[in-house]
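J.: below: sequence and its predicted model.
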Amino acid sequence: MKPTESELEILQVLWAKGPSTVRQVNEQLSQGREVGYTTTLKLMQIMHEKGLLSRTEEGRYHIYQALIGEEETQQHLLDRFVDTAFRGSAMKLVMQALGTSKATPQELAELQRLIHNLNPENN
């Protein structure tokens with residue numbers, strides 16, 4: 001399931017902070033821009049209904065936790081992005097990314113290491 005942009009922001013807070021109340025998530029989101037508490041509450045309720053979040057009661061508070069993993073979600077979103085924006089070509093994505101920004105020598109060395117490790121002849 002592909003989370004919306006707003007849902008992804010909430011998931012990022014929960015991935016970073018762990019199980020949290022709506023207020024805790026809202027406070028984190030509001031550091032970047034003004035987000036209403038009721039908006040965050042409604043989104044998290046919808047995400048719970050969609051199966052993106054679990055919800056447990058602790059006293060009078062509801063504690064929410066992400067039910068989908070960060071890496072799994074990133075991979076799914078990246079796969080869709082590569083398919084739609086680059087017609088399935090990971091090479092086009094990498095060439096575009098490297099062509100529009102300056103990669104540091106350390107980043108280029110890391111890319112070379114990753115490419116080396118992907119080659120079955122090297123393993």
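T.: Sure thing, it's come through.
J.: so which bits of the helix or strand that residue 75 is a member of are buried?
T.: Under the criterion of DSSP states H and E, residue 75 resides in helix 70-85. Judged by neighbour count using 16 or more other Cβ atoms under 10 Å, the buried positions of helix 70-85 are 73, 82. (Glycine included, C-beta is placed from N, CA and C.)
J.: residues touching it, excluding its own?
T.: For helix 70-85, the external contacting residues (Cβ atoms under 8 Å, 6 or more residues apart in numbering) are 2, 3, 8, 11, 12, 15, 88, 89, 90, 93.
J.: at 6 Å instead, please
T.: With Cβ atoms under 6 Å, 6 or more residues apart in numbering as the test, helix 70-85 has contacts from 15, 90, 93.
J.: same list (those) but as TSV, adding secondary structure, pLDDT and distance to residue 84.
T.: Supplementary listing: the contacts of helix 70-85 in TSV, determined by DSSP: H, G, I helix; E, B strand; the rest coil; pLDDT from 0 to 100; distance: Cβ to Cβ, whole Å:
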residue	secondary structure	pLDDT	distance to residue 84
15	helix	97	24
90	helix	83	13
93	helix	85	11
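J.: now those in TSV, with neighbour count?
T.: As requested, the contacts of helix 70-85 are exported to TSV (neighbours: other Cβ atoms under 10 Å):
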residue	neighbour count
15	14
90	11
93	15
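J.: closest to residue 67 out of the residues you listed?
T.: Among those, residue 15 lies closest to residue 67 (Cβ to Cβ), at 11.4 Å.
J.: ok, that closest one - contacts?
T.: Residue 15 neighbours (Cβ under 6 Å, 6+ apart): 66, 70.
J.: re earlier: dump the contacts of helix 70-85 to a markdown table, plus distance to residue 66.
T.: Listed next are the contacts of helix 70-85 as a markdown table, based on distance: Cβ to Cβ, whole Å:
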| residue | distance to residue 66 |
| --- | --- |
| 15 | 6 |
| 90 | 27 |
| 93 | 26 |
